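> got a structure for you, letters missing:
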């Protein structure tokens, strides 16, 4: 069942599949499934009256935002609901004529891993750190087949080869921490598919992975499905992944299904208002160009808010008999850029490329070499008091709004704290300013007395933005600040950031791995790889005319939220990213950037 | 690995040096006079002065310590003031009994502590969990001499299962080991429970369950090795705690170990023995910690010694 890239052919092929539609015998049927969690106010449904059927060899995507009940559905099918918090309140889950909800734990255990397998979001934590991957694969096979150790081992090696892990034989003896995230997720897939289950449930399988690795893993799932005829339930919040993978889509919201349909149909003609809103909120590459460029060409350049020159951050690693420094992590290697007032510069790149370290260096959170000049003042050579004054001009917004607010402080105090630290304004005046800030970021001032846990993720990120604004900074460093948010919330927070920029003329250093978001918000973009900038230019230069192979690969790897533009093959990385850890004295070569016109710089 | 061990042993020498200086200084500053103890109450001032000169106790602190250190570097722990024999011989004669007692106590700690913690974690929130945690709390808070006397009364005097005191067979070992180990067992039960609860929430435990593994395999193969790590680190520190416990327990049960030796020496201000026992204890603590740290990478491959 090879899928074609052309929409017409794709639809024709899919029509032949025994889908969940009447006619074909479904592999798995979920009928009127209801899952409740017992709260203080009595049981509350997290999945409510959900019914669907999964055809053989079909890929069914369950899409929805956090809290929509999609993961709970998966855990209910596996019989792995977190007890005693959550329990099945009704409905049936039929697999080959048996109702799984009626099975005892022993019978269910024989189905888990054998007939229905599952892979999870976090490959970094989903494998047991103290057991070799060989052992973890072999035990899955032994448990269900009763073959001997030797035969199980052969099966395990074969499964690792199937997921294209090089040198499968020797990898068997490795521990999970010796593998990259993408490799670990492949091991998880190998483990899940080793016994050729009827159904594979993949819960956000690529969300934690870099975008180039995401493409490889999705392609692998597609190829293996083709080879084994496995039915897949793919749970994701990413409409790009849905478009790339799904035969059929179920959209869930607040425990209920709001729409179901073939992927092409649902994307082209969404019926439910929620689906329409969800699809509209998805950031797409190519639409950002519609945003008017704030600085017409030819305008005289104002003095930069931030000027970074030859910024280098290295971390020492110790070892040997005397525990002396013998290696260094070359996190950032001599990067230079500047940001004008009212301008957004995005730093993009994959995990480990040094983008967050750059942000921390500018905010003064890690020691660095080179020059960071904020509003004309070089941070190097300032004493503590002077540096503190300069730092007022640079504020940060972090990725995780749940972890970056002290749970024991009222949110009003959290927002007022920077003013207190820098001795700005009297107490009463601070209160008024906090109230004004709350109003400005779309919260109400009477929420100031509450604690962070009473807010949703999007609201908390608004609180973080208010806190960053409190000192009226010239530069805000936003480190993956919208990555943890649902798309609809993400879109609103991005809009807020743009409004604030227009209003206060703040410059943003926007750090992100998400190319679609970057295209949406940036004026200029710098692409980082292994601690160095490989390409930089205006948004249009980078997205319309990417020159460096790495930039191209990053852009191509982003799944397009349109099933009609499904890719046949994903760009593949030949190998994992090289390590930034080097022995002393072995410094990486500095890339020379060449101007190919209009300040579009590309590494040779 | 070898570089690591060499460095740690180098640190150990420094620690022992520090311990020797501090202990020696404390004993020097002690108001009790060892010479009075040796000479007896009716001794003439001349006899006292003679003994003082003979033992070198009339010398200034630095000279006294210098002599002691010089002897120490040649492996000489000095002679007991009162027992008229080499300290090293006295310790060597009593050390095996104490090591045996410690081994028994560690076994008792691990067996009781880990089992209780594991069961409590698995049965979290049940009456069994609460009962075990109350028991562990009692174990942690009960003074050892009370526990020792209670065990003696119940199991030796009333039931007659074990001898009242002394040294020789495995029966003699049981009550002192339990007395010494019960404190640690309480701690371990609590640590194991919280560590296990933490591990049971981890993603890899969910993965193991999703593979269809049986409950026992999930608990013992996937959860236990991860949960046990902090406990292993504690065993090293515990050897230090034993040293204080051993003095009490050996006295209660008449166990002929270095705890009793130390106790007698303290009462009689027999400085060379006090120094010797202190240094041997410090050695045990340092080696215990080193052993625990060296074991950790065998349980968790992510830990690298460097």
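On my side now, so go ahead. All figures in this text were calculated on a predicted structure; none of them were measured in a lab. Numbering: from 1, shown residues only, chains lettered A, B, ... in the order given.
> pLDDT wise, what is residue 219 at?
All of this is about chain A. With respect to pLDDT, residue A:219 scores 87.
> I was after chain B.
Taking residue B:219 on its own, its pLDDT is 92.
> Show the average pLDDT along the helix or strand containing residue A:155.
Element membership for residue A:155, per DSSP states H and E: helix A:149-162. Averaging pLDDT along helix A:149-162 yields 90.
> Likewise for stretch B:273-280?
The model assigns stretch B:273-280 a mean pLDDT of 87.
> So what touches that stretch?
Residues outside stretch B:273-280 that contact it (CB atoms under 8 Å, 6 or more residues apart in numbering or on different chains) are B:16, B:19-20, B:23-24, B:27, B:68, B:72, B:77-78, B:80, B:83, B:87-88, B:90-91, B:95, B:258, B:261-262, B:264-266. Every residue, glycine included, has its C-beta placed from N, CA and C.
> Work out the gap between it and the centre of the chain.
Distance, stretch centre to chain centre, for stretch B:273-280: 14 Å (CA atoms, centre = their mean, to the nearest Å).
> just stretch A:141-160 next, same as before
34 Å.
> what does that stretch contact?
Taking CB under 8 Å, 6+ apart as the rule, stretch A:141-160 contacts A:110, A:113-114, A:133-134, A:137-138, A:168-169, A:171-172, A:186-187, A:190-191, A:193-195, B:211-214, B:217.
> Are any of the residues you listed buried, and if so which?
The neighbour-count test (16 or more other CB atoms under 10 Å in any protein chain shown) applied to those identifies A:113-114, A:133-134, A:137-138, A:168, A:171-172, A:186-187, A:190-191, A:193-195, B:211-213, B:217 as buried.
> Look up phi and psi at residue A:306.
Per-residue torsions, residue A:306: phi -130, psi 130 (degrees, to the nearest 10).
> Leaving out the residues flanking it, which one is nearest to residue A:461?
residue A:401 (4.3 Å; CB to CB, 6 or more residues apart in numbering or on different chains).
> If you rank every helix and strand of the chain by mean pLDDT, what lands last?
Unless you meant another one, I'm taking chain A. Here the helix or strand of chain A ranked lowest by mean pLDDT, DSSP states H and E is helix A:7-16, holding a mean of 40.
> wrong one, chain B
For chain B, judged by mean pLDDT, DSSP H and E, that is helix B:34-39, with a mean of 78.
> Next, the buried residues of the helix or strand just after it.
Remark: after helix B:34-39, the chain's next helix or strand is helix B:45-55, criterion DSSP H and E. For helix B:45-55, a neighbour-count test (16+ other CB under 10 Å) marks B:48, B:51-52, B:55 as buried.
> Can you name every helix or strand that helix B:45-55 contacts?
Contacts defined by 3 or more CB pairs under 8 Å, 6 or more residues apart in numbering or on different chains; DSSP states H and E place helix B:45-55 against helix B:34-39.
> Which elements pack onto the helix it packs on?
helix B:45-55.
> Can you tell me what sits against the helix it packs on?
Contacts of helix B:45-55 (CB under 8 Å, 6+ apart): B:34-36, B:38-39, B:58, B:81.
> Give the buried subset of these as a ChimeraX selection command.
Selection command for ChimeraX covering only the buried members of those, criterion 16+ other CB under 10 Å:
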select /B:34,35,38,39,81
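> Distance to residue B:249 added to the contacts of helix B:45-55, as CSV?
Shown next, in CSV, are these (distance: CB to CB, whole Å):
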residue, distance to residue B:249
B:34, 27
B:35, 32
B:36, 30
B:38, 29
B:39, 33
B:58, 38
B:81, 26
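> Which positions in chain A make contact with chain B?
With CB under 8 Å from any CB of the partner chain as the criterion, chain A comes near chain B at residues A:78, A:80, A:109-114, A:117-118, A:120, A:122, A:125-131, A:139-140, A:143-144, A:175, A:177, A:188, A:191, A:318-323.
> Where is the longest strand in chain A?
strand A:324-339 (DSSP state E).
> I'd like the mean pLDDT over it, please.
88.
> Equivalent analysis for stretch B:288-300, please.
Model confidence over stretch B:288-300, given as mean pLDDT, is 84.
> In that stretch, which residues are buried?
B:288-290, B:292-293, B:295-296, B:300.
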